[in-house]
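For reference, the sequence and a predicted model appear below.
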Amino acid sequence: MDQQTAPGILLDVRNCRQSYPKEANSELIVLDDVNVTLREGEIVGLLGRSGSGKSTLLRIIAGLLRPTRGDVSWKGAPVSGPVRGVAMVFQSFALFPWLTVQENVELGLEAQGVARREREERAEEAIDLIGLGGYDGAYPKELSGGMRQRVGLARALVTHPDLLLMDEPFSALDVLTAETLRTDLIDLWSEHKLPVKSILIVTHNIEEAVLMCDRILVFSSDPGRVAHELRVPFPHPRNRLDPAFRKMVDDIYAVMTRRKSPADLKAEAARPATGFATPLHPIGTNLMSGLMETLAAPPYDGRADLPALASVLQYEADELLPLGETLQLLRFAELEDGDIRLTEQGRNFVNADTEERKQIFAAAALANVKLVAEIRQVIDERWNHRASAVRFRDELEDHMSPERAEETLRTAISWGRYAEIYSYDEEAQQFSLEDIEEE
Amino acid sequence: MTRPVPPALVHGRRLPNAWDAAAIALVFALLIGVAHVAQGTLTPLARMQSGQIHLNPAWLPGYALRTTLRMFAALLVSLGFTFTVATLAAKSRRAAIIVIPILDILQSIPILGFISFTVLFFLHLFPGQELGAELAVVFVIFTSQAWNMAFSFYQSLTTEPADLIEACRSFGLTPWQRFWRLDVPFAVPGLVWNTMLSMSGGWFFVVASEAITVGNTTFTLPGIGSYVAVALQHRDFAAIVYALLAMLVVILLYDQLLFRPLVAWSGKFRFETVPSAGEAEPWVLRLLRRTFLLRAAGDWLSDQFAHVVRLRLGRAERTFASAGRDRAASRIGDAAFYAVVIIAAGIASAQVVAFCARTMHWSDLARCIVLAFYTLARVIAALAISCLVWVPVGVWVGFRPWATRLVQPAAQFLAAFPANLVFPVVVAGVVYFRLAPDIWLTPLMILGTQWYILFNVVAGAAALPGDLREAAANFRLRGLLRWRRLIIPGILPYFVTGALTATGAAWNASIVAEVASWGHTTLVARGLGAYIAQATVAGDTSRIVLGVAVMAAFVLGFNRLVWRPLYAYASRRTNFG
């Protein structure tokens, strides 16, 4: 590799891959062939669904995690651990509950061994900058969520980092508070009051990305890749209602719901058959019915624009997309170019009564969800009509992370219970046909 | 609020594995080693029958002070042990594999059975000096305190929130800074709670260990324990009452001056995001916070402490936490480490086997097991009776906030009171009324530990969500149905916590409770406790080791086969939300 660095390049990620070893020589790929370059003076957004590996990438950039393959360099030098000059803001705030606001803010300076007087001055400065003046002596639990995240921000800024990393910084806050924090941050950035050269935000909120970032990298999931890169040309402050702004949000929705390209499908076919190991989103049947009923009724009459639907239902992309995909998996709906369309099957479901709905759902689940079908098959084959959940969990874990496997199994349990395909005994961790009426 | 769970309930496994076996072998080989050294030193030390104990109550404050100082010395040692050993186990995967089972075994071993040997061992280290005896007593208390504290600390270290760990790493805190900024504060609530339990248990042992008789030799150290022992010999009832009063005052002071403030202060470290309903501030803490001079002194101290905490000792982690670490190197390390442990365990088990073969017969074991069942029956009976009494009382109290405020501190206070000081009063009664010792010595075992059941049940009942109680009232759940559907499932995890602590301590207490004397009358109940106690008096090493081993096995078995599954079941079922 050539050592020369273009001026202004802070961070360079090349061919980065992150995977976790699984049994039987298989591996779980979280990130695949990711390339990211960050320059001074820009706000970059990593936009993707949960599980697309964007938080993993953030931790690799922060030097908290070693990539399985690929190079990360910071100002031209390879990264081999937590980087000085990079500070992080956490989704969960990660404040120390036993330290006051001031002590929390001073933490990074203590670690650098900054002398007491300077430490106090700089902490005071950061606290005032971020609008926390007067809260110095308070403990985090006395503060509201918004105030806590301000502490998280001050704690990161006080070290005067070159790069500020933000991991879904506003997603744990309510809508109005999040909006205030976003605008405050952008105002400070535009007025060049932030002691940082560049900001990287991880988010699943499309509007947030378009509102704040100069450049957006859209991630695809399973495995995580940079699927698209967009520049946001609007100057700050941005107007959410501006037609150009709306258009961009719509376009990103379309990108994120686009069917897989033929090349992707081919690659998928080439992979070894995973049997039933398709991760399921933890979506309840009530939620599905609710969305299908909404779609079937006017004004949608079976077809809706996802961003519009999301804002009416006060959902974020992260919440609506898995729901749509689940309906698609069950063939109750189709997703195409940012729209969702109810299928014939879906209409039948909406028009049916409670018992018929269960039957329609059972048929759909058995036909389209391999895991559900296989559980039922194993129960049928056993002489005592019982099957342990442990074996399914183990098999799932060969193909996905334990958390994902648990989530998938839980979802299969709940769907199977609803559709009366099988029942499940939590204590014994066993599937059975008890309480299932055979007709 | 979330309550700290005793370590014995958390450690997930139920069935013993190979590491448990290794741990058992190592622990017992060590005990036998200590006993062996101790036994060789009996004769030359006979001279050292120290200190005349005066029964004049004027001496009592001095004795009480010395007893208390021993307690705190032991507490300091236990804290040191906790901070080092538990940290080692948490940071080193290899160390954890063997350290954790060893701690698990050690916390189930009835220390009382080994008091004589540890005392002799230390006397041997410092022959002819009172310092040796003092250290011995401190060590005995240490062995009764350290394990669950270390366990609790280890548990905290391994459950630290990932985001705080990441924050520490990304801000580049050194290991020293991280220890004081994250590790210790996060562990404080559990550690304070366990320290309190340890201290409560400790009073029992300090009283029991100040006057020790092995063979023909009696060692006494000035303190409340030996004062009572002497009073007992002289059948001096008034002196016993004085001692009880003195102890009462000591416990009251330590409770009010140290533990109430400490518990209130530890609330600051509770890992929660919403402020909990304000509990009343203990007066000592209020005094510390509001009095100018005291506050200035406190601020100065905490400034100095903060300064030490901020020292950048050690190097900050400047490397990745790697998902897959350097496998080849760690495999070789693993192999070497496992080999060392296996060899050590092998040698240890050979020692244990040789020792047993030399001195014991299978019939000894059979006899021990039979006796253990006697004691087991006694423990279960005592537990059942105290449950019948305290569960309804505890529920009644827990449903009434004003009663809870009154009873909770009282029960915690009573749990700390060393019940063995009260034994003589009961024994005198048994002697006077000529009651059957097999039955009437039983209550002694649970005398001091029943309070754990009471205050845990009170806490459980108080924590039962109000809307569930309202729903039960609304559907007119009454009597038995109300207990079965609402109260019992609601308090079960709390009850198990209390019952586990109570039974563990009851086993230990059986060693002093099954043999009791009043003047020259000695009452003996059939049981393993009496077996160990008599073997101690006779200085019979092999029988003590055997008795202790069988008792440890029973305690461990009871915990793993009864309490742990019950607790797992209860907490699964009553996980609200």
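Everything's here; your move. Keep in mind it's a predicted model, so treat the numbers as computed, not measured.

Chain A against chain B: which residues are in contact?
Contact residues, chain A versus chain B (CB under 8 Å from any CB of the partner chain): A:18, A:20-21, A:59, A:62-66, A:68, A:80-82, A:84, A:86-88, A:90-94, A:96-99, A:107-108, A:110-113, A:139-142, A:159, A:426-427. For every residue, glycine as well, the C-beta is placed using N, CA and C.

The residues you listed in helices, which ones?
Those of the residues of chain A next to chain B mapping onto helices are A:Arg59, A:Leu107, A:Gly108, A:Glu110, A:Ala111, A:Gln112, per DSSP state H.

Which one of the residues you listed sits in the busiest neighbourhood?
With neighbours taken as other CB atoms under 10 Å in any protein chain shown, the top of those is A:Gly108, carrying 27 neighbours.

Contact partners for that residue?
A:Gly108 sits next to A:Ala87, A:Arg155, A:Ala156, A:Val158, A:Thr159, B:Phe171, B:Gly172 when contact means CB atoms under 8 Å, 6 or more residues apart in numbering or on different chains.

Return the member of those nearest to A:Glu316.
A:Ala156 (24.1 Å; CB to CB).

How about that closest one: what's its closest non-neighbour residue?
Excluding its sequence neighbours, the residue lying closest to A:Ala156 (CB to CB, 6 or more residues apart in numbering or on different chains) is A:Ala87, at 3.7 Å.

May I have the beta-bridge partners of the one you found?
A:Leu164 (DSSP bridges).

mind listing the strands for the stretch 251-400 of chain A?
Counting by DSSP state E, counting those that start in this stretch, the segments of the stretch 251-400 of chain A that form strands are A:303-305, A:333-336, A:339-342, A:386-388.

mind listing what's buried in stretch B:242-252?
B:Tyr242, B:Ala243, B:Leu244, B:Ala246, B:Met247, B:Val250, B:Ile251 (16 or more other CB atoms under 10 Å in any protein chain shown).

Chain A: which of the residues you listed is nearest?
B:Ile251 (29.2 Å; CB to the nearest CB).

Can you name the residues that contact the one residue sitting closest to the centre of chain B?
For chain B, B:Ser198 is the residue whose C-alpha lies nearest the centre (CA atoms, centre = their mean; 4.2 Å). Shown in contact with B:Ser198 (CB under 8 Å, 6+ apart): B:Leu75, B:Ser78, B:Ser144, B:Gln145, B:Ala146, B:Asn148, B:Met149.

Could you give the separation of the host helix or strand of B:Tyr452 from the chain centroid?
Per DSSP states H and E: B:Tyr452 is located in helix B:450-463. Its chain's C-alpha centre and that of helix B:450-463 lie 18 Å apart, by CA atoms, centre = their mean, to the nearest Å.

Can I get that helix in CSV? Just the C-alpha atoms.
Written as CSV, here are the backbone C-alpha positions of helix B:450-463 (Å, rounded to 0.1, in the frame of the first residue of the first chain):
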residue,chain,number,x,y,z
GLN,B,450,-34.4,-17.5,61.3
TRP,B,451,-34.3,-13.7,60.9
TYR,B,452,-32.9,-14.1,57.4
ILE,B,453,-36.2,-15.8,56.5
LEU,B,454,-38.2,-13.1,58.2
PHE,B,455,-36.6,-10.1,56.5
ASN,B,456,-36.4,-11.7,53.1
VAL,B,457,-40.1,-12.6,53.3
VAL,B,458,-40.9,-9.1,54.4
ALA,B,459,-39.0,-7.7,51.5
GLY,B,460,-40.7,-10.1,49.1
ALA,B,461,-44.2,-9.2,50.3
ALA,B,462,-43.4,-5.5,50.2
ALA,B,463,-42.2,-5.9,46.6
